[in-house]
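>>> pasting the sequence and the predicted coordinates here, then a few questions.
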Amino acid sequence: MKDTTHGHPSASTGLRPRVLYFAVFIFFSLSGGRFTATFLEHELNFSQNWMISTAMAVQILASSSCSSWLGGLADSLEAKGRRNGRLQIMASGLLLSTVATLLHRLGRRLWMPPSLETDNDYTENDVQNHQYLPMPLLAYHLFLRTIYAIGTTACSPVLDGLTLARLEHDARDSSEYGKERLYGAVSWGIANVFFGPAIDKWGFGIIYTTTTLSFITCIISFYVYAKSNQMPYASIDENDLESIRDSESHNSLRTTRARKYKTKTSDTYESEDSHQQQQMEHKLKVLSTLTKKNGLLNLSYVVAMFTLYIGMSVVENLIFLYFEYLGGSYSMMGLTVAVTVMFELPLFHFAPDVLRRLQSPVWMFQAGCAAYVIRVLVYSLIPQDHPYWTLAVEPFHGVTIGFVLTASVAFAAEWVPKGYEASGQGFLSMIRGLGQFVGLCIGAFLDGRILYRVLAVVVSVGSVMLAIGEHITTNTPIVIEEDGSAPVNEQKNKQELQLVPSDEPSDIQARE
């Protein structure tokens with residue numbers, strides 16, 4: 001007998017979203033993932049740095065542009081009563097990404113002369129003249145990378161929304177999101193451990209097969225999940241809506257969902273123009289607050305985040321090219337991903353506790369920057385033919401990710417007005433995306449050891465500017481209560497960011 005609440009099925013029935021995370025992150029891994037840059041270089045003959053960096057930048061721009069719209073489309077399908085609307089958007093997105101990946105192979109056959117596909121004895125003049133990658137073929141591949149990014153973007157944020165909606169329906173705290181997301185990080189690490197050796201054995205052509213198989217796995221997972229959760233749980237009735245409005249602990253996600261799911265009558269839906277105007281007002285309010293309260297500190301923090309993500313984008317997207325330069329195998333590269341995941345999980349879990357001890361998000365952010373600088377400087381000093389030495393500094397990635405993301409939420413909570421939390425995080429997300437784009441532009445012109453030394457300097461400059469801003473500004477640190485608990489705002493935001501990070505494609509996917 002099924003137990004119901006407001007017409008919904010019992011919280012104990014049906015598979016959990018963790019099943020979807022496990023399957024989706026296998027797809028992210030096996031359709032390229034961290035090996036995308038090397039796939040472009042060896043399989044698609046992107047023979048110059050600017051080609052690879054352009055492709056990765058195009059993916060970031062496409063993902064950033066479509067993320068909000070695709071998430072809203074999925075939510076609207078659920079609100080209109082479309083059963084499993086989010087799952088349908090996710091499946092469509094993965095299908096789009098799969099088709100785009102397979103069409104890379106078709107493009108090679110249409111444009112690339114067969115004699116050149118197996119000819120490795122090309123000269124520098126051939127590369128400069130693009131003999132091995134005609135400009136129409138380059139444009140074709142860039143278009144497909146854009147389509148691939150749109151497809152994965154249709155999946156990642158929508159899955160996050162589905163998970164949070166499920167937690168809300170089951171009357172669970174949003175902080176349990178991390179428990180579901182954990183399974184995606186685990187599958188990401190496991191898949192890369194096996195994917196690297198597969199590339200070593202069969203070459204990058206194996207990606208076409210692994211992408212197809214992982215897509216089929218995702219579709220099966222979506223079907224099984226939908227069958228085990230027969231009743232939709234996206235809609236919120238009027239009683240639920242009033243409860244959400246009156247609750248002191250509701251977060252920005254619930255406020256947004258409450259607005260979207262008020263009723264299904266035309267006179268209660270908010271018009272699109274009014275919604276866009278409200279979004280603009282929120283952005284202006286955030287920018288105004290940024291320059292008023294502790295303006296110098298806030299601006300220096302934004303600059304420091306911008307410079308950090310300039311460096312992070314290169315490590316996330318292009319580092320495997322450098323590992324090749326050091327003489328690393330693809331098996332070793334897959335192992336580095338597993339090592340970062342192993343250390344990210346506990347570091348991210350304890351990051352809020354570290355924040356309470358430091359009593360300042362600025363110092364926590366500085367620790368993340370220092371970890372990045374140490375990491376890339378060691379990269380630049382590792383001699384060739386000793387690629388496994390990189391494993392010694394991979395744990396620093398967990399320090400950077402865990403500390404920086406946690407500090408960002410705590411810092412934003414201090415200067416973003418109540419009710420504008422989502423807008424504040426959206427503003428910081430925009431800064432991160434801009435930094436990633438600039439980082440890839442730098443990667444188009446520099447490579448090898450000099451690239452990572454330049455990035456170390458860039459991130460250090462941003463860190464120094466943040467230190468100066470904090471020194472000049474009279475900044476009130478986070479107040480720790482006598483019982484050791486954090487303030488209400490920090491507790492709320494800590495719950496929202498009890499996430500388990502991973503090295504997903506720019507989403508982050510979010511990768512981030």
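Done, it's in.

>>> after the helix or strand hosting L440, next one along is what?
Using DSSP states H and E, L440 sits in helix 421-443. The first helix or strand that comes after helix 421-443 along the chain, using DSSP H and E, is helix 448-472.

>>> quick one: buried residues of that following helix?
Neighbour counts using 16 or more other C-beta atoms under 10 Å place 449, 451-456, 458-460, 462-463, 465-467, 469-470 of helix 448-472 among the buried residues. C-betas here are computed from N, CA, C, even on glycine.

>>> one more: stretch 315-330?
Buried positions in stretch 315-330, judged by neighbour count with 16+ other C-beta under 10 Å: 315-324, 326, 328-330.

>>> quick one: contacts of that stretch?
34-38, 41, 52-53, 56, 195-197, 199-200, 332-333, 336, 372, 375-376, 379, 382, 384-388, 390, 397, 436, 440, 443, 447-448, 451-452, 503, 506 (C-beta atoms under 8 Å, 6 or more residues apart in numbering).

>>> re earlier: narrow the buried residues of stretch 315-330 to those in helices?
V315, E316, N317, L318, I319, F320, L321, Y322, F323, E324, Y330 (DSSP state H).

>>> relative to S47, how far out is the last one?
If I follow you right, that is Y330. Distance, Y330 to S47, by C-beta to C-beta, to the nearest Å: 19 Å.

>>> rounded mean pLDDT for the one helix or strand A165 maps to, please.
Assigned by DSSP H and E, A165 falls within helix 156-169. For helix 156-169, mean pLDDT is 80.

>>> which secondary structure elements does that helix contact?
Helices and strands touching helix 156-169, by 3 or more C-beta pairs under 8 Å, 6 or more residues apart in numbering; DSSP states H and E, are helix 18-30, helix 49-79, helix 85-111, helix 177-202, helix 252-260.

>>> about what we covered before: among the contacts of stretch 315-330, name the buried ones.
Among the contacts of stretch 315-330, the ones that count as buried by 16+ other C-beta under 10 Å are 34-38, 41, 52-53, 56, 195-196, 199, 332-333, 336, 372, 375-376, 379, 382, 387, 390, 397, 436, 440, 443, 447, 451-452, 503, 506.

>>> would you agree S53 is in contact with C441?
Yes - here S53 reaches C441: they are 6.7 Å apart, a contact under C-beta atoms under 8 Å.

>>> what pLDDT does the model give K418?
K418 carries a pLDDT score of 61 in this model.

>>> actually I206, not the one I typed
You'll see I206 listed with a pLDDT of 96.

>>> nearest spatial neighbour of it, skipping sequence neighbours?
Using C-beta to C-beta, 6 or more residues apart in numbering and skipping the chain neighbours, the partner closest in space to I206 is A198 (5.3 Å).

>>> so where's the stretch 301-450 of the chain uncertain?
412-413, 415-426 (pLDDT under 70).

>>> ok, now the stretch 101-250 of the chain?
If you take pLDDT under 70 as the line, the stretch 101-250 of the chain has these spans: 112-132, 174-175, 231-250.

>>> ok, now with 90
Residue ranges of the stretch 101-250 of the chain with pLDDT under 90: 106-136, 153-186, 228-250.

>>> hmm, I207 and the residue nearest to I206 touching each other?
No - between A198 and I207 there is no contact under C-beta under 8 Å: 9.3 Å.

>>> these two: which has the busier surroundings?
Ranked by neighbour count (other C-beta atoms under 10 Å), A198 and I207 place I207 first, with 25 against 18.
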